[in-house]
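In: Quick one, fold the following:
(one chain, ligands or ions: 1)
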Amino acid sequence: TEKLNLLYEGKAKRIYRTNEESVLLVSYKNSATAFNGGKKAEIEGKGRLNNEISSLLFEKLAEKGIESHFIKKLSETEQLVKEVTIVPLEVVVRNIMAGSLSKRLGIEEGTPLQKPIVEFYYKDDALGDPLITEDHIDVLEAATKEQVQELKTAALKVNDVLISHFKQCGIRLVDFKLEFGLTSEGKLLLADEISPDTCRLWDEETNEKFDKDVFRRDIGSLTDAYSVILNRLGGEAACT
Ligand code: C5P
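Out: Prediction:
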């Protein structure tokens with residue numbers, strides 16, 4: 001597969017067209033951003049860690065019957081994916097109270113939830129990705145009612161698989177964000193990435209954080225934290 005022109009550059013990834021139809025190349029960058037771009041850093045090794053972790057997780061999901069845009073890992077920092085049109089929604093699943101929900105509801109971080117919560121945020125940087133309701137999704141025409149149900153069901157399925165997979169590695173899946181896209185045939189497909197940038201991952205025993213909160217809250221080395229996740233998932237973390 002040949003890498004052709006740059007299609008899109010986001011905060012953490014670049015997306016290139018390839019010589020194969022409907023196949024795109026995702027290149028993971030070393031940039032770390034938080035607070036909607038308000039905090040930024042270049043962190044050597046981050047792109048590789050997220051590419052490896054995301055590839056392993058998409059492979060695990062495929063093994064469990066959950067399809068995604070992921071085709072295969074190409075190199076340390078690159079993967080091939082199926083082309084989709086991203087649905088402008090961030091689908092967040094929460095198992096344990098943390099982050100923005102903890103703030104919004106005034107409930108202490110770490111409080112377990114009786115059942116997983118699914119939330120939708122509107123993907124719009126200028127608006128700061130606001131939390132929205134299903135009626136808002138209707139008004140915005142961001143997805144149909146049927147698609148919203150499909151997104152919820154798919155997100156909860158992903159949650160089941162990831163909870164048990166991370167549990168085997170001694171990690172608690174606190175919450176995470178998913179994105180979905182539509183193929184040219186109109187099929188909804190899990191897309192984007194699943195990595196410590198998009199999940200909260202805590203040590204089962206100590207509650208130590210191995211995710212982007214380390215960067216957001218300045219509480220340690222991001223690459224050390226992400227390497228722990230890659231190691232525990234069975235990958236080879238860098239010793240650089
Ligand atoms: O900040 P908040 O608590 O709403 O985040 C919930 C989950 O979604 C966290 O795991 C966070 O890393 C992820 N998230 C993300 N991208 C965003 C917002 C949240 O990956 N733009």
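
In: And the pLDDT at the one residue sitting closest to the centre of the chain?
Out: Per C-alpha atoms, centre = their mean, the C-alpha nearest to the average position across the chain is that of residue 194, at 3.3 Å. Reported pLDDT at residue 194 in the predicted model: 98.

In: Report the contact partners of it.
Out: 53-54, 57-58, 61, 158, 162, 176, 178 (C-beta atoms under 8 Å, 6 or more residues apart in numbering). Every C-beta, even on glycine, is put in place using the N, C-alpha and C of the backbone.

In: and if you look at residue 62?
Out: Listed by C-beta under 8 Å, 6+ apart, the contact partners of residue 62 are 68, 70.

In: Return the set of buried residues in the strand or helix carrying it.
Out: Using DSSP states H and E, the element containing residue 62 is helix 46-63. For helix 46-63, burial by neighbour count (16 or more other C-beta atoms under 10 Å) applies to 46-58, 60-61.

In: and what of stretch 123-135?
Out: 129, 132.

In: what do you get for stretch 143-156?
Out: Taking 16+ other C-beta under 10 Å as the criterion, stretch 143-156 shows 143, 147-148, 151, 154-155 as buried.

In: what do you get for stretch 88-104?
Out: 88-99, 101-102.

In: Show me the residues you listed that map onto helices.
Out: 99, 101-102 (DSSP state H).

In: Can you name every helix or strand that the top helix by length along the chain contacts?
Out: For the chain, the longest helix by residue count, based on DSSP H, is helix 145-168. Here helix 145-168 touches helix 46-63, strand 89-96, strand 112-122, helix 134-140, strand 171-182, strand 188-191, going by 3 or more C-beta pairs under 8 Å, 6 or more residues apart in numbering; DSSP states H and E.
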